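Novice: generate a structure from the sequence data that follows.
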Amino acid sequence: MKRELHLQLRQLREERNISLETLALKTRIGTGKLEAYEAGNETPSVQTLLKLSNALEVPASNLLDGLQNA
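Specialist: Below you'll find the predicted structure:
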């Protein structure tokens, strides 16, 4: 079973010991927006998912799979 996107984002970030602030700097996405993504309150666009996948060093398809389950 594939993980939901918001849970996957938080898990990947925590596994890599990346703070929200660091991820925000890498992706140029505000920390408030990142918090909303991780809480499941907002869904990132495909372009944003690509930025997140690059910053978290995972294939974009991993995150897109989570989006399909959201």
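Novice: drop to CA atoms for contacts and neighbour counts, all remaining ones
Specialist: Fine.
Novice: any idea how far V46 is from L52?
Specialist: 10 Å (Cα to Cα, to the nearest Å).
Novice: so for the two, which sits in the more crowded spot?
Specialist: In this view V46 and L52 are compared by other Cα atoms under 10 Å, and L52 has more residues nearby, 25 against 13.
Novice: so S53 is in which element?
Specialist: helix 46-56 (DSSP states H and E).
Novice: in the chain, which residue is most central in space?
Specialist: Nearest to the mean C-alpha position of the chain, by Cα atoms, centre = their mean, lies L9 at 3.8 Å.
Novice: against which helices or strands is the strand or helix carrying it packed?
Specialist: Element membership for L9, per DSSP H and E: helix 5-15. For helix 5-15, the elements it packs on are helix 31-39, helix 60-69, judged by 3 or more Cα pairs under 8 Å, 6 or more residues apart in numbering; DSSP states H and E.
Novice: name the nearest residue to the residue nearest to the centre of the chain, ignoring sequence neighbours.
Specialist: E38 (6.1 Å; Cα to Cα, 6 or more residues apart in numbering).
Novice: was I right to think the one you found contacts H6?
Specialist: Yes - E38 lies in contact with H6 (Cα atoms under 8 Å); the separation is 4.4 Å.
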